[in-house]
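# Any chance you could fold what I've pasted below:
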Amino acid sequence: MELSYEHYSDLPPEPRLTSMIELLTSLFDDQSQSELLSELTYQSTRTGLYALLTIANGHVVGCKLGYERKPGHFYSWLGGVHPDFRSHGIATELMRQQHNWCRQQKYHAVRTQTYNRWRGMLLLNLRLGFDIIGTVQGKHGLAIVLEKVL
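Reported below is the predicted structural model:
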């Protein structure tokens, strides 16, 4: 399996954007493609956006999106890996590349949130150096807030 990684300092261009939205709506089935595009566009114009994509056979099979939360702090917002491509280290590599980029941009902390139902992501965050710093009420119940000092 040949994989490549692409970095964008905004929303990726077509056809990557559509492929990324298809992936995200398949992973998070609580939003339509148009709702997700609207949210991505809003976030991109509000704070900017950093997108990291994993490509296989011309399709986005993994992604990690984030933005500046406040000066020096990056928020890792959305991401995931297509079920057919899991257990190949893609999520770990996405996180590794995102954190390297954050260091290059002079961020000193990365924060993220997840839910207990996405235990794979929770465990990956813990394995790669995140600490649980609290909980907040999220759209789908109690969200676990994690932070990593870079």
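# okay, Phe28: pLDDT?
Phe28 carries a pLDDT value of 86.
# how near is it to Arg119?
To Arg119, Phe28 is 16 Å away according to C-beta to C-beta, to the nearest Å. C-betas here are computed from N, CA, C, even on glycine.
# what do you get for Asn57?
Asn57 is 28 Å from Arg119, by C-beta to C-beta.
# could you pull out the strands for this protein?
For the chain, applying DSSP state E gives strands covering 4-8, 50-56, 59-70, 73-81, 109-114, 131-138, 141-149.
# quick revisit: okay, Phe28 and Arg119: which has more neighbours?
Phe28 (13 against 10; other C-beta atoms under 10 Å).
# How about the contacts made by the more buried one?
When contacts are counted by C-beta atoms under 8 Å, 6 or more residues apart in numbering, Phe28 touches 36, 78, 80.
# isn't the first one right next to Leu23, touching?
The one in question is Leu36. No - in this structure, Leu36 is not within contact of Leu23 by C-beta atoms under 8 Å, at 10.3 Å.
# Between these two, which is the more surrounded one?
Counting neighbours by other C-beta under 10 Å for Leu36 and for Leu23 shows that Leu23 has the greater number, 22 against 18.
# Could you tell me how far that one is located from Gly62?
From Leu23 across to Gly62, the span is 8 Å (C-beta to C-beta).
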